[in-house]
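> build me a model from this:
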Amino acid sequence: MIKAIQGKGTNRARVICDECGREDVVTCDYQTRSNGVSEPHAGQIHKKLTRQGWDVRKGKLHCPSCAAHRRAFAQQEGQEVTVTKVSAEACEPPEASREQKRLIIMALEEAYDVSAQRYRGGQTDAALATELGNGIRAGWVAEKREELFGPAGGNEEMDAIRNEVAAIEGALSDGLEGVRSEMLGRISALTKRLDAVCAAVGPRAGRS
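Now for the predicted structure:
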């Protein structure tokens, strides 16, 4: 399966193994269809994936591990058969390559505030991994962040939300009843927004 990735910068697309669900990000061109919809260049992506060991058959994508499993099983049985699904973890490379580690460290230099022990803006391990692409996993980003920079510690977006909630609660406590309903609505919206950011950062972020 191929999914478009919206945003600025180099055109990219997310590729998903139809057997185990493994996901990778590849750079590609985009094509505009007659109806005006822009979509990833599937032919270009298929060629790239084939060079990387993926198996592309009848529009279905199979990651290198699933492709190898399929070939071995078919050879054993002497015919093409449906391969048993394997876990996504089994398809993941055991560790980042030297080049991937270098990209992760360079990105963390820009995204992580060492003095504040947190990410800048709304960044998280997972968001950084998605931006970098090249098969980089969020777990690899987390490993290098812990080793060389600091704990997850949330990010600036989380602190900004908490500060705004505190300001609204302060206004309510001062007796501004005329805006009470509006303020409560804003608190509810901000709380949901904060919960979403915390979930992206990880369980240790928490709410304080």
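> A126 touches R137, doesn't it?
No. Look at A126 against R137 with CB atoms under 8 Å: they stay out of range, at 9.3 Å. (Glycine included, C-beta is placed from N, CA and C.)
> could you say which helix or strand holds K3?
strand 2-4 (DSSP states H and E).
> tell me the mean pLDDT for that strand?
Strand 2-4 carries an average pLDDT of 86.
> list the contacts of it.
13-16, 30, 38-40, 42, 45, 61 (CB atoms under 8 Å, 6 or more residues apart in numbering).
> name the strands paired with the helix or strand following it and say parallel or antiparallel.
Remark: after strand 2-4, the chain's next helix or strand is strand 12-16, criterion DSSP H and E. Note on strand 12-16: by DSSP bridges, its sheet partners are strand 2-4 (antiparallel), strand 23-27 (antiparallel).
> hey, which of those is tucked in deepest?
Mean neighbour count, computed with mean count of other CB atoms under 10 Å, is highest for strand 23-27 among the strands paired with strand 12-16, reaching a mean of 19.
> what mean pLDDT does that one have?
85.
> residue boundaries of the helices in the chain?
42-51, 64-77, 88-91, 98-111, 125-132, 138-148, 156-173, 180-201 (DSSP state H).
> any idea which of the ones you listed is most buried?
It is helix 125-132: most buried of the helices of the chain by mean count of other CB under 10 Å, with a mean of 20.
> tilt between that helix and helix 138-148?
110 degrees (axes from the mean of the first three to the mean of the last three CA atoms, to 10 degrees).
> picking up where we left off before, of the helices of the chain, which is nearest S34?
helix 42-51 (15.9 Å; CB to CB).
> contact partners of that closest one?
For helix 42-51, using CB under 8 Å, 6+ apart, the contacting residues are 2, 13, 15, 26, 28-29, 56, 61.
> make a markdown table from those residues and add distance to A116 to it.
Shown next, in a markdown table, are these (distance: CB to CB, whole Å):
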| residue | distance to A116 |
| --- | --- |
| I2 | 38 |
| A13 | 34 |
| V15 | 35 |
| V26 | 34 |
| C28 | 36 |
| D29 | 39 |
| V56 | 45 |
| L61 | 41 |
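> PyMOL command for the buried members of those residues?
Selection of buried members from the contacts of helix 42-51 for PyMOL, criterion 16 or more other CB atoms under 10 Å:
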select buried, resi 2+13+15+26+28+56+61
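> from L194, how far out is S188?
Between S188 and L194 the distance is 11 Å, computed by CB to CB, to the nearest Å.
> and for D18?
D18 is 36 Å from L194, by CB to CB.
> pLDDT-wise, which helix or strand of this structure ranks last?
helix 88-91 (a mean of 47; mean pLDDT, DSSP states H and E).
> okay, the nearest residue to K144 once chain neighbours are set aside and A127: tell me how far apart.
Leaving aside its sequence neighbours, K144 sits nearest to I104 (CB to CB, 6 or more residues apart in numbering; 4.9 Å). I104 sits 13 Å away from A127, going by CB to CB.
> where in this protein is pLDDT low?
For the chain, the stretches with pLDDT under 70 are 7-10, 75-94, 153-156, 158-159, 169-181, 197-208.
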